[in-house]
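> I would like to see how this sequence folds:
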Amino acid sequence: MCSSNSRPPEAAAPLQRYAQHRNAHFRKHAALALGAIGTEERIAPISALIADEEWLVRMQAMTGVELALDHGRATQPLRDVAFTPTLALIRESESLEIVQPCCLLLSLDRERASEILLSETYFTPSNRDLADVIRAFNEEKIPITHDRLLPLVEELESRPKQGKYDLALANAISACALNPAGDTEERLRRHLGSQDELVARAAAKGLAALAGVTDPWKHVLQQLDEEHSNVEELTVPQEHYFGVLVYDSEVNNGGHVQYFGNSSGGYWKIAIEGLEAVGSPQRAEILREAIALFGKKGPSSDWDRRGEQLAGFSSRKDSQLKGCDDRYFACSDNLSVLLALYALEHREHFTDSSSSQ
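Sure, this is the predicted structure:
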């Protein structure tokens, strides 16, 4: 069967016979491919697949429609036939694992979807999927009008702190930064101290965005080559941001053994400097203790040699390195907030007008 990655329009005709196959395995692959091809002549089978009795077939059909949209192949008839089934998916929480129906709905028909998603039915704390509704507007960079957004934010702020309300509030705070009102900066600063990590992170990133720092990590990566071999060409604040984010990502994914075992471990010096600079001395001290396990000279700058050092660790050192992981995960500071505020403080190094020195 044709791969959904190639999706030539001429493949639609032979694929159509699989759309009615009795085996759902064949129908789901046909759904993905036909949806992605998006040709007007195949609207009928796509429509049937979107309404298929099997949940996975429906999901694959919607994923195919997403691909057609991404590649500019979604005709108006395809958009029309996909709209109502996509709206139905918003109430199917399992669908969020494969497609984001709110984002897809906005992509199919922005005006019609906005009217629906901002209605009292969906744009309310009583909607279990409110966080996903707001996230869709944020991801599509669609501002939510103040008359709808601000009352919702105030209601969420007054609610008891629960997981679903905190996530909705975090997304609503991000939406405020996309369409700021007169008191937006004050509101964001008030949430910097939130006990919920997502809310505090959204507030910090929102403040940075208000100052034009929309994606500091992307900006740093744009200064680097594919192998990151020119890190030394970054400005000092960019180096700090790079070192800290790479270190944090590696440790959270696989501990210090992964950090030092990968090429990222070669940047441990700027990681320490960066942790101190952004205001996380506790994490900097943990990294120093991990580095001390490698001896006086620390981890080798050579990737292979560093791997040999790790392989030569005694069981005691392995245990100590694992202890560094445990202490790192127990740190109370919000590193995402610290990084966002650091980028804000050094905004000239994280905007398009900045350049490496």
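> identify the spatial nearest neighbour of L69, chain neighbours not counted.
The spatial neighbour of L69 that comes closest, neighbours along the chain excluded (CB to CB, 6 or more residues apart in numbering), is S107 at 5.1 Å. Glycine gets a C-beta too; all of them are placed from N, C-alpha and C.
> what mean pLDDT does whichever strand or helix holds that neighbour get?
Assigned by DSSP states H and E, S107 belongs to helix 101-108. Helix 101-108 comes out with an average pLDDT of 91.
> what sits up against that helix?
Residues from elsewhere that reach helix 101-108 (CB atoms under 8 Å, 6 or more residues apart in numbering): 62, 65-66, 69, 74, 79, 82-83, 86-87, 89-90, 92, 95, 113-114, 116-117, 129, 132-133, 135-137, 139-140, 142.
> show the buried residues in the residues you listed.
Taking 16 or more other CB atoms under 10 Å as the criterion, what is buried in the contacts of helix 101-108 is 62, 65-66, 69, 74, 79, 82-83, 86-87, 89-90, 95, 113-114, 116-117, 129, 132-133, 135-137, 142.
> among these, name the ones in helices.
Counting by DSSP state H, the part of the buried ones among the contacts of helix 101-108 found in helices is 62, 65-66, 69, 79, 82-83, 86-87, 89, 113-114, 116-117, 132-133, 135-137.
> against D352, how distant is E197?
Distance of E197 to D352, computed by CB to CB, to the nearest Å: 29 Å.
> sorry, that was for A209
Computed as CB to CB, the A209 to D352 distance reads 14 Å.
> neighbour-wise, which of the two wins?
Higher neighbour count among A209 and D352: A209, with 19 against 9, using other CB atoms under 10 Å.
> that one reaches N179, doesn't it?
No: the criterion here is CB atoms under 8 Å, and A209 misses it with N179 at 11.2 Å.
> quick check: the nearest residue to G212 once chain neighbours are set aside vs T184, distance?
Distances taken as CB to CB, 6+ apart place T351 nearest to G212, at 5.1 Å, with adjacent residues excluded. T351 sits 19 Å away from T184, going by CB to CB.
> who has more neighbours, those two?
Taking other CB under 10 Å, T351 and T184 do not tie; T184 has more neighbours (20 against 15).
> element containing the residue of the chain most remote from its centre, please.
Distance from the C-alpha centroid of the chain, by CA atoms, centre = their mean, peaks at K296 (38.9 Å). Using DSSP H and E, no element contains K296; it sits outside every helix and strand.
> what about Y122, which SS state?
Under DSSP: H, G, I helix; E, B strand; the rest coil, Y122 falls in the coil class.
> distance of it from V278?
Look at Y122 and V278: by CB to CB, they are 38 Å apart.
> looking at those two now, which is surrounded by more residues?
Taking other CB under 10 Å, Y122 and V278 do not tie; V278 has more neighbours (26 against 19).
> so how far is T351 from that one?
To T351, V278 is 18 Å away according to CB to CB.
> how about L224?
17 Å.
> which stretches of the stretch 101-250 of the chain have low pLDDT?
Within the stretch 101-250 of the chain, the set of residues satisfying pLDDT under 70 comprises 161-165.
> ignoring the adjacent residues along the chain, who's closest to S47?
In this structure, S47 finds its nearest non-sequential neighbour in V81, 4.7 Å apart by CB to CB, 6+ apart.
> quick one: that neighbour and P45 touch, right?
No: with contacts counted by CB under 8 Å, V81 stays clear of P45, the gap being 10.5 Å.
> out of these two, which sits in the busier spot?
Of the pair V81 and P45, P45 is the one with more neighbours under other CB under 10 Å, namely 22 against 19.
> where's that one, which helix or strand?
With DSSP H and E as the criterion, P45 is inside helix 43-50.
> next one: Y328
In this structure, Y328 sits in helix 315-329 according to DSSP H and E.
> contacting residues around that helix?
With contacts defined as CB under 8 Å, 6+ apart, helix 315-329 is touched by V251, N252, G255, H256, V257, R283, I286, L287, E289, A290, L293, F313.
> then stretch 290-310?
Outside stretch 290-310, the residues that touch it by CB under 8 Å, 6+ apart are 256-257, 260-263, 265-266, 268, 272, 313, 317, 320-321, 324.
> report all helices and strands that the biggest helix by length in the chain contacts.
Ranked by number of residues, the top helix in the chain under DSSP H is helix 236-261. Judged by 3 or more CB pairs under 8 Å, 6 or more residues apart in numbering; DSSP states H and E, the packing partners of helix 236-261 are helix 216-222, helix 268-278, helix 281-292, helix 303-311, helix 315-329, helix 335-345.
> including distance to H29, could those go into TSV?
TSV is the format used below for these (distance: least, CB to CB, whole Å):
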stretch	distance to H29
helix 216-222	34
helix 268-278	45
helix 281-292	46
helix 303-311	41
helix 315-329	41
helix 335-345	39
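> what distance separates stretch 146-160 from the middle of the whole chain?
Centroid separation for stretch 146-160 versus its chain: 24 Å, with CA atoms, centre = their mean, to the nearest Å.
> likewise for stretch 195-208?
Relative to its chain's centre, stretch 195-208 lies at 14 Å (CA atoms, centre = their mean).
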